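K.L.:
Please find the sequence and the predicted model below.
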Amino acid sequence: MKIRYDAEGDFIEVILKDRQGTLRKTGSPYIMEKIDADKNVIGFSILRVSTLKKQGHNIDLVNVATPAMDEFKLWYERP
């Protein structure tokens, strides 16, 4: 499992299985699931995470660069 916080994009990405997939909407406008060809959830993204703290949730967001994740770019990320 890999987890990363992208401060510029304002999202947290959790990768459960490192493989190709597509994004699928959920019941929340802030959550996207990443699914494989068999529709298994292999990851998810939490969008607009900075708003969680504004809503009173006790979280600390730390943007930590990890070389492995810097090299790994998903197809939906822009350069």
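P.N.:
Cool, the structure landed.
K.L.:
can you map out the strands along this structure?
P.N.:
2-6, 11-15, 22-25, 31-35, 41-47 (DSSP state E).
K.L.:
Pairing partners for the last one, with directions?
P.N.:
Strands that pair with strand 41-47, judged by DSSP bridges, come out as strand 11-15 (antiparallel), strand 31-35 (antiparallel).
K.L.:
out of those strands, which comes closest to L47?
P.N.:
Of all the strands paired with strand 41-47, it is strand 11-15 that lies closest to L47, at 4.9 Å by C-beta to C-beta. From N, CA and C alone the C-beta is placed, and that goes for glycine too.
K.L.:
Can you list the buried residues in the closest one?
P.N.:
Under the neighbour-count criterion of 16 or more other C-beta atoms under 10 Å, strand 11-15 has 11-13, 15 buried.
K.L.:
One more: stretch 2-21?
P.N.:
Along stretch 2-21, these residues count as buried under the neighbour rule (16+ other C-beta under 10 Å): 4, 11-13, 15, 21.
K.L.:
May I ask which two of these are separated the most?
P.N.:
Of all pairs in these, the most separated under C-beta to C-beta is I12 and G21 at 16.8 Å.
K.L.:
Leaving out the residues flanking it, which one is nearest to I12?
P.N.:
What sits nearest to I12 in space, not counting adjacent residues and going by C-beta to C-beta, 6 or more residues apart in numbering, is I46, at 4.5 Å.
K.L.:
quick one: pLDDT of the one you found?
P.N.:
Model confidence at I46, given as pLDDT, is 89.
K.L.:
From the structure, what's the count of residues near it?
P.N.:
By the measure other C-beta atoms under 10 Å, the count of residues near I46 is 16.
K.L.:
try M32
P.N.:
Neighbour count for M32, taken as other C-beta under 10 Å: 20.
K.L.:
need the contact list for it.
P.N.:
If you count contacts by C-beta atoms under 8 Å, 6 or more residues apart in numbering, M32 has them with 23-26, 44-45, 47.
K.L.:
and with 10 Å instead?
P.N.:
M32 makes contacts with 11, 13, 22-26, 43-47, 76, as judged by C-beta atoms under 10 Å, 6 or more residues apart in numbering.
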